[in-house]
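> sequence and computational prediction follow.
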Amino acid sequence: MKPKLVVGNWKMNKSFDDAQDLIIDIQDALKDKKLQTEVILCPPFVYMELLTDIAEEEDSQFYAGAQNCSEHESGAYTGEISAEMLASMGVEFCIVGHSERRKYFGEDNHTIAQKINLLLKNDVVPIVCCGEQLEERKNGQHTEVVKKQIEESLFHLKPSEFERVIIAYEPVWAIGTGETATPAQTQEMHAFIRSLIEKKYGTEMAYNTYILYGGSCNAKNAVDLFMQQDVDGGLIGGASLKAADFVSIIEAGETVIKDN
Ligand code: PGA
């Protein structure tokens, strides 16, 4: 098994002071642990510098990630943040195509592909989200939906580009609902995504690609999810907002790696 990767997606939460406290608490809790598990924190843009200041230090326990970027390169797009700006601030990762962006901001696979291209051009690693709605799962369309999302947003990439991408499978019905996908459902979808990558880019690329699970992943269920062969870690929303919960999820990653 590869070392696990745990990403905290804070969404639109926390005041400046609370953000600062959370970053410091996570840094302190992880400091002496010598972890194999990699950690990325994705706060709102306005707090990014708090994070990049620490992330650039030698004893930093995490990398800085953003939650979104513009599909445009630069120019008259009031309120937007470009991939180039993120890169210039030392941000190394960026979530793209989260289901909340698809639902509330009308993002489609085409927009997401544009964002991915710009992130890669600026050496920022895209964390690309995919996942089906509840109705789609009930109708047995979940694999078809995820296949289309992945093909349309990612499969135009050259192998040298695709190898820098992280995928996050987040069933929409599990996000923020407390209803987690079962380990078996998760493993099934992750194995399916890996098989798509294998067909397109070969076995080595399929093995090396990190595929994270997201959707009500918490301190209690993380070990069972991370134990699945094709689950390389988690994209954590609600449970990343409290240092103790988030650190327990990171520790779950360590437990699984030590036992395997
Ligand atoms: P959740 O969110 O952990 O609160 O379900 C995950 C996500 O949306 O990335």
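Nice, I can see it.
> ok, the nearest residue to Thr209 once chain neighbours are set aside - contacts?
Excluding its sequence neighbours, the residue lying closest to Thr209 (C-beta to C-beta, 6 or more residues apart in numbering) is Ile197, at 5.5 Å. In this view, the C-beta of every residue, glycine as well, is placed from N, C-alpha and C. Contacts for Ile197 were tallied using C-beta atoms under 8 Å, 6 or more residues apart in numbering; they are Phe162, Met205, Ala206, Thr209.
> what about Ser15, how many residues nearby?
Residue crowding around Ser15 was assessed by other C-beta atoms under 10 Å; the count is 9.
> nope, Ser88 is what I was after
When counting by other C-beta under 10 Å, one arrives at 10 neighbours for Ser88.
> also Ser248?
17.
> ok, it touching Val223?
No - in this structure Ser248 lies outside contact range of Val223 using C-beta atoms under 8 Å: 9.7 Å.
> tell me if the helix or strand hosting Arg194 is near the ligand.
Assessed by DSSP states H and E, Arg194 sits inside helix 183-201. No - using C-beta under 6 Å from any ligand atom, we find that helix 183-201 stays clear of the ligand, coming within 13.1 Å at best.
> list the buried residues for that helix?
Of the residues in helix 183-201, 183, 185-187, 189-190, 192-194, 196-197, 200-201 count as buried by neighbour count, 16 or more other C-beta atoms under 10 Å.
> same question, stretch 156-170
Using 16+ other C-beta under 10 Å as the test for burial, stretch 156-170 gives Leu157, Phe162, Val165, Ile166, Ile167, Ala168, Tyr169, Glu170.
> list the contacts of the closest residue to the ligand within the stretch 101-250 of the chain.
With C-beta to the nearest ligand atom as the measure, Gly237 is the residue of the stretch 101-250 of the chain nearest to the ligand, at 2.2 Å. Each residue near Gly237 by C-beta under 8 Å, 6+ apart is listed here: Asn9, Lys11, Ile175, Gly176, Gly214.
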